[in-house]
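Give the three-dimensional model of this entry:
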Amino acid sequence: SHEGKRESVGTLQVFVSRGKGLRIKDKLTQSSDPYCKIRLSTGKIFKTSIRWRTLDPVWVTEFCWDVSKKDRNAPLFIDLYDKDPVGSDIMGYIVVQPQDVFVEERQERWFDVINDKYPGEDNGQIYIVWRYIEGTDKIPGPLVHTAKQGFLSRRKKLGGLKHVLVENWVRVMGEFLVYTKSMSHDMKDNSEEPKVCLLNGASLDVNKKVENSFTVKNRDEKTSATFVAENSQILNDWISVIRDAIAGRINMEEEINGELVVTIKSASNLPAKDFNGMSDPFCNVMVESQQESTEIIQETLDPVWNQSFTFIVRRENTIVTLIILDSDNSWLSATVGQYMGEISFALQPYENLGPVDLDLELDAMNGLSRSKLPRSPRAKKKKNKPPKIQLTIDYQINNDGPDTKVFGSHLGSLLEREGTEIPFIMENTINILKDKALDLVGLFRVPGSADDINVYKRKIDKGEDVDFESEDDLHTIGALLKLYVRMLPDPLLTYALFDDFVLAAEGEVQSLKELIHRLPVENIVVLKFLCYFLLDVAEQEEINKMGISNLALVFGPNILRSARAELCTDYLIQQMAMGPKILGKVLENVDEIFNSIKY
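Numbering: from 1, shown residues only. Purely as a prediction, here's the structure:
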């Protein structure tokens, strides 16, 4: 980000890297949702993205100011907040004095977070990198190369980076460098035993004995490895990446190739929410950014569902959350209702065990004492009978073969793998629907065959060929397109810009245009492709009954999602309401928005 032009004497760059050990603000999850606001005197205030449910956030975001003479005497302020459904709570702040800020050398260090409410206590730390450049005739380069940040946002083999061709068995994993062969400079040691180097406190040296090589030494200097690059440019790329990892400026999480099948069987001893002493329960299942809901069972405290859902799992530390709600018979009742209980559990212990039956006790308090929970007049007390949910999970990981997953894959990763601008699944389904289904009544509103959808999904994710041309039920093809869009780990309008899009819903088209301009290029291209197709559908509204408002209602909540929706129903309601409003405005102004965007 860069501030607009001002009369300046220099440029200040600030890179907000990450935080650690921050204070807990959300008692229910024992975590926080932190973000930073960065300000310099009267200049523009910048804001990082929100990092959900973590006390060790990674922002890796760079900001830039044109510095005036007045600014030279002002400190740099970094305010830390916790995001809540109705606002934000202050978590603390950092002040960097001007004599430390305006130094013409790159500076970086950890700062203690100050919290006036808890003076003298440990409120966590934030790692900041900054540089001041005197004069206005110099164009500053980035403090940290954003291309590397984008690649390293997921833990992968570094050899997969396009311009890095070093031995592809080297991995950087968060704060660890792991290599399956330890290579000394004389190349005599080729042990297959994996070795780990803790990057926190490690050292990196250019190896002068072997051309284009560098050596990483563990901080105890008992473990080291030398890596040889193909040329000097690649050597410099690797050195830059490893040094950023040593300095804590990158965070990487392995993207695994996992599939989870959850069968929600039944629940028992649920609390009564209706005046007849009964409830109308349904269960929301949330895995990473994916969500599915069971059907609503009317007037029972012991519902039986026996419904199965399939999820793509990309993170090792994935948590499954089950929330049981009582339907309120509103238009949102398929996803939102009165809270009855929930349970969260980690998937890792069940990896590759086959089907596992679980009988889990629900937390029905949602952070409230029992005396504060509403009770229906006819509800009977159930002593020693806690509410429970019964389910079966089958969690399989296969990282041996090539990754062919489509549903649940990050958009950028999939496009890079396919070598296209539009995912094959979107292009193929939309082409079929354009040719055969523009006059189909209720397209995208009428559900397709759940069994056929799962068959297609499994085949596509295994890399098998599918023949959409022979499919008679075109509603199934439409549902498959919706499923792909809904399962994107980061929605098309991105989690990072959710709050901004919500604000833009009531504003001018110009605000919406500017926000879409801030999306990643691949998101803009895919969003444009989808929107113009939806307009083709809307042109046949008299026949198919699917005008802009109905299409926005169907697709809106899939392209605009909140990362907090899986935790808080307030955000889910906001997502359900604002998604259609945003998409409707985009469709009504599609030419004005996309024709002005250069990418």
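
Now residue 430: closest residue in space that isn't a chain neighbour?
Nearest residue to residue 430 in three dimensions, chain neighbours excluded: residue 533, at 5.0 Å (C-beta to C-beta, 6 or more residues apart in numbering). C-beta here means a position set from N, CA and C on the backbone, and glycine is covered the same way.

Distance of the closest residue to residue 547 other than its chain neighbours relative to residue 551?
Of all residues not flanking residue 547 in the chain, residue 541 sits nearest, at 4.0 Å (C-beta to C-beta, 6+ apart). Here residue 541 is placed at a distance of 9 Å from residue 551 (C-beta to C-beta, to the nearest Å).

And the two? Which one has more around it.
The neighbour comparison of residue 541 against residue 551 (other C-beta atoms under 10 Å) goes to residue 551, with 25 against 14.

what secondary structure does the more buried one sit in?
The three-state label given to residue 551 by DSSP: H, G, I helix; E, B strand; the rest coil is helix.

Could you tell me the model confidence score at it?
We have a pLDDT of 95 for residue 551.

residue contacts, it?
Taking C-beta atoms under 8 Å, 6 or more residues apart in numbering, we find residue 551 in contact with 444, 534, 537-538, 583, 587.

Including distance to residue 281, could these go into JSON lines?
Shown next, in JSON lines, are the contacts of residue 551 (distance: C-beta to C-beta, whole Å):
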{"residue": "444", "distance to residue 281": "28"}
{"residue": "534", "distance to residue 281": "34"}
{"residue": "537", "distance to residue 281": "35"}
{"residue": "538", "distance to residue 281": "37"}
{"residue": "583", "distance to residue 281": "31"}
{"residue": "587", "distance to residue 281": "36"}
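
Okay, and which of those map to helices?
534, 537-538, 583, 587 (DSSP state H).

which one among those residues gets closest to residue 92?
When those are ranked by distance to residue 92 (C-beta to C-beta), residue 583 comes first, at 37.4 Å.

Distance of the closest one relative to residue 543?
For residue 583, the distance to residue 543 - C-beta to C-beta - is 22 Å.

Report pLDDT for the closest residue to residue 386 other than its chain neighbours.
Using C-beta to C-beta, 6+ apart and skipping residues adjacent in sequence, the residue nearest residue 386 is residue 361, 4.9 Å away. With respect to pLDDT, residue 361 scores 89.

for residue 112, same thing?
93.

Bridged to it, which residues?
For residue 112, the beta-bridge partners are residue 125 (DSSP bridges).

Surely it is in contact with residue 123?
Yes: at 7.2 Å, residue 112 counts as touching residue 123 under the criterion of C-beta atoms under 8 Å.

neighbour count winner among the two?
Between residue 112 and residue 123, residue 123 has the larger neighbour count (other C-beta under 10 Å), namely 19 against 13.

which regions of the stretch 101-250 of the chain sit below the pLDDT cut-off?
136-202, 207-210, 218-231, 233-238, 240-250 (pLDDT under 70).

rerun that using 90 as the cut-off
In the predicted model, the stretch 101-250 of the chain carries pLDDT under 90 at residues 102-110, 116-121, 127-250.

So which elements touch the lengthiest strand in the chain?
Secondary structure of the chain per DSSP state E: the longest strand is strand 255-268. Applying 3 or more C-beta pairs under 8 Å, 6 or more residues apart in numbering; DSSP states H and E, we find strand 255-268 packed against strand 281-287, strand 304-315, strand 319-327, strand 388-397.

now with 10 Å?
If you count contacts as 3 or more C-beta pairs under 10 Å, 6 or more residues apart in numbering; DSSP states H and E, strand 255-268 packs onto strand 281-287, strand 290-293, strand 304-315, strand 319-327, strand 356-361, strand 388-397, helix 450-461.

Please compute how far the helix or strand following the fourth one lies from its chain's middle.
Read that as strand 319-327. The helix or strand immediately downstream of strand 319-327 is strand 337-346, counting by DSSP states H and E. Averaged C-alpha coordinates place strand 337-346 at 21 Å from its chain's average position (C-alpha atoms, centre = their mean, to the nearest Å).

going forward, begin numbering at 22 instead of 1
Sure, I'll start numbering at 22, so the last one becomes strand 358-367.

can you pull the buried residues of strand 358-367?
By neighbour count on 16 or more other C-beta atoms under 10 Å, the buried set for strand 358-367 is 358-364.

same thing with stretch 338-351?
For stretch 338-351, the neighbour count (16+ other C-beta under 10 Å) marks 339-348 as buried.

Could I get those in JSON lines, plus columns for distance to residue 441?
Formatted as JSON lines, the buried residues of stretch 338-351 follow (distance: C-beta to C-beta, whole Å):
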{"residue": "339", "distance to residue 441": "28"}
{"residue": "340", "distance to residue 441": "33"}
{"residue": "341", "distance to residue 441": "32"}
{"residue": "342", "distance to residue 441": "34"}
{"residue": "343", "distance to residue 441": "37"}
{"residue": "344", "distance to residue 441": "37"}
{"residue": "345", "distance to residue 441": "41"}
{"residue": "346", "distance to residue 441": "40"}
{"residue": "347", "distance to residue 441": "45"}
{"residue": "348", "distance to residue 441": "42"}
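
Please, where are all the helices along the chain?
Secondary structure of the chain (DSSP H): helices located at 119-122, 167-173, 253-267, 432-439, 445-457, 471-482, 495-507, 519-525, 530-538, 542-559, 562-565, 569-580, 590-609, 611-615.

tell me the contacts of the closest residue to residue 95 other than its chain neighbours?
Once flanking residues are discounted, residue 95 sits nearest to residue 62: 3.6 Å by C-beta to C-beta, 6+ apart. Going by C-beta atoms under 10 Å, 6 or more residues apart in numbering, residue 62 touches 86, 88-89, 91-98, 119.

Please pick the buried ones from these.
When these are checked for burial by 16+ other C-beta under 10 Å, the buried set is 86, 88-89, 92-93, 95, 97-98, 119.

Please name the nearest non-neighbouring residue to residue 482.
Nearest non-adjacent residue to residue 482, counting by C-beta to C-beta, 6+ apart: residue 426, 5.0 Å away.

Okay, the most centrally placed residue in the chain and residue 433: tell me how far apart.
For the chain, residue 511 is the residue whose C-alpha lies nearest the centre (C-alpha atoms, centre = their mean; 4.8 Å). Taking C-beta to C-beta as the measure, residue 511 falls 9 Å from residue 433.

hey, what's in contact with both of those two?
Common neighbours of residue 511 and residue 433 (criterion: C-beta under 10 Å, 6+ apart): 541, 544.

how much space between residue 69 and residue 144?
Relative to residue 144, residue 69 is positioned 17 Å away (C-beta to C-beta).

ditto for residue 150
Using C-beta to C-beta, one gets 21 Å for the distance from residue 150 to residue 144.

now swap in residue 431 and tell me
Using C-beta to C-beta, residue 431 is found at 33 Å from residue 144.

Same question for residue 568.
52 Å.

again with residue 571
49 Å.

go on, residue 280?
The spacing between residue 280 and residue 144, counted by C-beta to C-beta, is 40 Å.

what does residue 32 give?
31 Å.

Find me the pLDDT at the residue nearest to residue 482, would you?
pLDDT recorded at residue 426 is 81.

Next, count neighbours for it.
Neighbours around residue 426, by other C-beta under 10 Å: 22.

same thing with residue 475?
Using other C-beta under 10 Å, the number of residues around residue 475 comes to 15.

wait, isn't it in contact with residue 330?
Yes: at 9.5 Å, residue 475 counts as touching residue 330 under the criterion of C-beta atoms under 10 Å.
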